[in-house]
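Peer 1: Kindly return the folded structure for what I paste below:
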Amino acid sequence: SYGMPNARSVGYMGTLVSGSAYDAVVHSLDAHARNEDGSFKADAQLIMSDRDDISGYGAMFDVLYANSPTLRQKFELDIMDEDVDFNDLGFLLRNDYVKARYVLLYNKQDVSSTLSNYRTTLVLKHQHNLSENQITDLMDEVSNEDKEDIKFAQKQVRSFAEAQLKTLNELEVETHPGVILGHKNIPVQAVGCYVPAGKFPMVASAHMSVVTASVAGVPRIVATTSPFHGKPNPAVITAMKMGGAHEIFVLGGMQGVGAMAIGTETIKPVDMLVGPGNAFVAEAKRQLYGKVGIDLFAGPTETMVIADDTVDGEICATDLLGQAEHGYNSPAVMITNSKKLAEDTLIEIDRLLKILPTKDTASISWRDYGEIILCDNYDEMLIKANEIASEHVQVMTERDDWFLEKMTSYGALFLGPRTNVANGDKVIGTNHTLPTKKAGRYTGGLWVGKFIKTHTYQKIVTDEAATLIGEYGSRLSHLEGFIGHAEQCNVRVRR
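Peer 2: A predicted model of the protein is given here:
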């Protein structure tokens with residue numbers, strides 16, 4: 001301990017407990033403070049225990065503070081496994097039991113006995129997996145209107161995914177007499193769908209990942225989301241369940257994607273991770289790629305508006321800021337061949353940023369990443385658009401179909417003033433998990449085909465074909481110096 005006697009002191013004690021079952025260390029840290037007159041001021045104590053063979057810890061923490069000679073407040077916090085025997089000094093933190101207790105002690109005659117002994121206890125169970133009863137209870141919190149909206153959006157996503165699935169045909173062809181080649185489309189066997197909910201509850205992300213995986217025929221769909229305002233968001237859980245998730249967990253951020261990819265005591269690992277997330281989720285997916293498959297590397301939301309004088313500044317400004325509100329680093333770019341439209345859009349942006357409820361976020365994105373590019377003609381607009389390769393591209397020109405034909409690098413196109421990026425984000429049916437950071441140059445977004453693996457097979461059904469292919473295979477193997485390969489062919493030719 002150190003400090004002046006009767007003023008402040010800090011002490012530490014460590015105790016080693018050794019036995020045939022385990023070795024454990026109990027750590028105790030105490031702090032004390034007194035007023036100048038020596039009267040009690042505050043006391044704090046932290047006790048922790050750990051064991052060599054267990055990852056994690058348990059802890060007890062309490063603080064007693066005297067506001068005045070007659071008023072004392074006490075706060076206690078226990079973190080431990082709910083089934084732990086407290087006599088076991090190796091109690092373990094599994095993040096599934098937290099108990100907080102607040103006690104108010106008022107030692108004064110003119111204060112009611114109720115107030116002078118006021119106590120409240122808050123117990124939180126951090127249970128990652130939701131039971132069917134818990135899911136039902138959460139779904140009951142969602143209004144019928146909201147459920148119908150979710151159902152409509154999922155019907156749109158499902159219908160388009162089913163139409164896409166029909167384009168993925170299996171194949172078997174005889175390329176030479178007696179030589180049969182083919183491929184089969186096989187769903188990924190276990191998929192983990194991450195649905196963000198920390199800042200905004202991204203209900204639509206459940207449609208885009210869970211529903212699409214379900215259409216693909218994935219036999220095990222795991223969905224996880226972060227708590228929203230301290231509890232699972234009922235609408236997100238409802239969308240997951242209605243979309244076809246088989247297992248639902250409340251586990252956010254990189255912990256969620258890591259648990260699904262690596263596995264835990266209660267979560268079997270999956271084969272593939274999909275879904276958007278913040279920078280930490282994106283980095284976790286990047287590091288996990290290879291151990292599992294992923295949909296794509298996603299960065300901050302991007303939007304581009306390609307417009308001419310067939311539309312006005314208000315609609316352009318609205319479409320730019322509507323996506324800039326996603327985060328502080330969401331690029332919003334406009335490409336136009338109309339100087340007047342560019343100037344009108346800037347005026348409208350200034351007006352909207354005074355009244356938009358999410359202006360604190362959108363204004364920073366626009367300030368740091370907003371851009372209006374004035375081009376001489378449509379050809380220059382096209383070149384610049386393909387160069388930027390934005391995630392969302394809203395096209396509102398007299399040549400919308402021309403841009404559809406000529407554009408080669410983007411996440412998704414939104415053609416004409418009647419549609420918009422928000423439609424694609426929430427309800428229209430195309431998937432909103434899209435490539436960013438110019439990745440549209442080499443990949444599209446999430447779709448039913450991402451959940452399908454195409455595997456080839458081959459068979460030779462006649463001796464004549466086996467001889468012919470074997471002779472070619474042997475010579476070509478020798479050409480490369482692979483003698484063992486050649487013998488695989490030769491043994492079949494000889495037979």
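
Peer 1: what's the next secondary structure element after the lengthiest helix in the chain?
Peer 2: As assigned by DSSP state H, the longest helix anywhere in the chain is helix 144-165. Of the helices and strands lying after helix 144-165 in sequence (DSSP states H and E), the nearest is strand 171-176.

Peer 1: Tell me the helix or strand right after that following strand.
Peer 2: As assigned by DSSP H and E, the chain's next helix or strand after strand 171-176 is strand 179-187.

Peer 1: Please save the CA atoms from that next one in CSV.
Peer 2: Taking C-alpha atoms only, strand 179-187 is exported to CSV below (Å, rounded to 0.1, in the frame of the first residue of the first chain):
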residue,chain,number,x,y,z
VAL,A,179,-16.3,-39.2,-73.1
ILE,A,180,-18.9,-37.6,-70.7
LEU,A,181,-18.2,-34.3,-69.0
GLY,A,182,-20.6,-32.4,-66.8
HIS,A,183,-21.0,-30.1,-63.8
LYS,A,184,-23.3,-30.0,-60.8
ASN,A,185,-24.5,-27.0,-58.8
ILE,A,186,-24.3,-27.7,-55.1
PRO,A,187,-25.3,-25.3,-52.3
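
Peer 1: and the next element down the chain from that strand?
Peer 2: Sequence order places strand 191-195 as the next helix or strand after strand 179-187, per DSSP H and E.

Peer 1: Tell me which stretches of the stretch 351-495 of the chain form helices.
Peer 2: For the stretch 351-495 of the chain, the helices defined by DSSP state H, counting those that start in this stretch occupy 359-369, 378-388, 400-406, 421-426, 463-480, 483-494.

Peer 1: how about these in JSON lines, adding mean neighbour count, distance to Leu77 and mean pLDDT?
Peer 2: Heads up, the C-betas are built off the backbone N, CA and C, glycines and all. Below are the helices of the stretch 351-495 of the chain laid out as JSON lines (neighbours: other Cβ atoms under 10 Å; distance: least, Cβ to Cβ, whole Å; pLDDT from 0 to 100):
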{"stretch": "helix 359-369", "mean neighbour count": "18", "distance to Leu77": "33", "mean pLDDT": "94"}
{"stretch": "helix 378-388", "mean neighbour count": "17", "distance to Leu77": "50", "mean pLDDT": "98"}
{"stretch": "helix 400-406", "mean neighbour count": "13", "distance to Leu77": "59", "mean pLDDT": "98"}
{"stretch": "helix 421-426", "mean neighbour count": "19", "distance to Leu77": "40", "mean pLDDT": "94"}
{"stretch": "helix 463-480", "mean neighbour count": "15", "distance to Leu77": "68", "mean pLDDT": "96"}
{"stretch": "helix 483-494", "mean neighbour count": "14", "distance to Leu77": "66", "mean pLDDT": "96"}
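
Peer 1: Under the pLDDT cut-off, which ranges of the protein? List them.
Peer 2: Scanning the chain for pLDDT under 70 picks out the ranges 1-7, 17-24, 40, 49-58, 69-71, 78-128.

Peer 1: let's see it at 90
Peer 2: 1-131, 198-200, 226-232, 251-256, 259, 263-267, 277-280, 297-299, 326-328 (pLDDT under 90).

Peer 1: residues contacting Gln154?
Peer 2: Residues near Gln154 by Cβ atoms under 8 Å, 6 or more residues apart in numbering: 207, 211, 239, 242-243.

Peer 1: Check which residues of the helix or strand where Ala213 lies are buried.
Peer 2: Using DSSP H and E, Ala213 falls within helix 212-216. Using 16 or more other Cβ atoms under 10 Å as the test for burial, helix 212-216 gives 212-216.

Peer 1: what would the contacts of Gln154 look like in JSON lines with neighbour count and distance to His27?
Peer 2: Listed next are the contacts of Gln154 as JSON lines, based on neighbours: other Cβ atoms under 10 Å; distance: Cβ to Cβ, whole Å:
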{"residue": "His207", "neighbour count": "28", "distance to His27": "48"}
{"residue": "Val211", "neighbour count": "28", "distance to His27": "49"}
{"residue": "Ala239", "neighbour count": "32", "distance to His27": "44"}
{"residue": "Met242", "neighbour count": "19", "distance to His27": "48"}
{"residue": "Gly243", "neighbour count": "26", "distance to His27": "46"}
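
Peer 1: I'd like those residues as TSV, with secondary structure and distance to Lys147 appended.
Peer 2: Output for the contacts of Gln154, formatted as TSV (DSSP: H, G, I helix; E, B strand; the rest coil; distance: Cβ to Cβ, whole Å):
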residue	secondary structure	distance to Lys147
His207	helix	13
Val211	helix	15
Ala239	helix	9
Met242	helix	8
Gly243	helix	12
